[in-house]
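Q: Have a look at this prediction, sequence included:
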Amino acid sequence: MNDDSSTDGIPAQASTEGASALRAAPRDGDALTLTCDDLDDEGAGLAAHVGTRVHVAAALPGERVVATVTHVSSHRPEAWARLDAIDHLSPDRRPPACAAFGSCGGCVLQHLDVAAQLGWKARRLGGALAAHAVLAGVSPSE
């Protein structure tokens, strides 16, 4: 973090912009402070902000992040944002093994601990199976 941080570890500018953005749904260019609580189907962090699901690539569940909104859906309450800073790291964050992580688009969960990846994948698969009555009793195993 740089020297222009506020006392809570968020850059002063992002904190001010985030505070004003709390009163309204996110718009393109808004800087938001978010706490991710899940991953979406693409492996991006998910956070809630004023009734809007915000997808933040490279963010992990349990992380408090500063992100800039890059797109807001005109069809549903969802937005996508660029990760600018991580104020609180997830205990499941690991250094990615590949030097191309983040730039090639493959292996989007390399920065997530293997056990946490398996848990996320099992929950996703379980949800997909439960959506079909004939498969509702099937449970994924590791």
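A: Received it, and whenever you're ready, just let me know what you need.

Q: ranges for the helices of the protein?
A: 12-21, 114-130 (DSSP state H).

Q: tell me how far stretch 48-63 is from the chain's mean position?
A: Distance of stretch 48-63 from the chain centroid (Cα atoms, centre = their mean, to the nearest Å) equals 4 Å.

Q: One more: stretch 38-48?
A: The answer for stretch 38-48 is 5 Å, by Cα atoms, centre = their mean.

Q: Which positions in that stretch come out as buried?
A: For stretch 38-48, the neighbour count (16 or more other Cβ atoms under 10 Å) marks 39, 40, 43, 44, 45, 46, 47 as buried. The C-beta positions use only the backbone N, C-alpha and C, and glycine is treated the same way.

Q: how far away is the first one from residue 133?
A: By that I understand residue 39. 26 Å (Cβ to Cβ, to the nearest Å).

Q: mind listing what the longest strand belonging to the chain pairs with, with the direction of each?
A: Longest strand of the chain, by residue count under DSSP state E: strand 78-88. When pairing is defined by DSSP bridges, strand 78-88 lines up against strand 52-56 (parallel), strand 64-72 (antiparallel).
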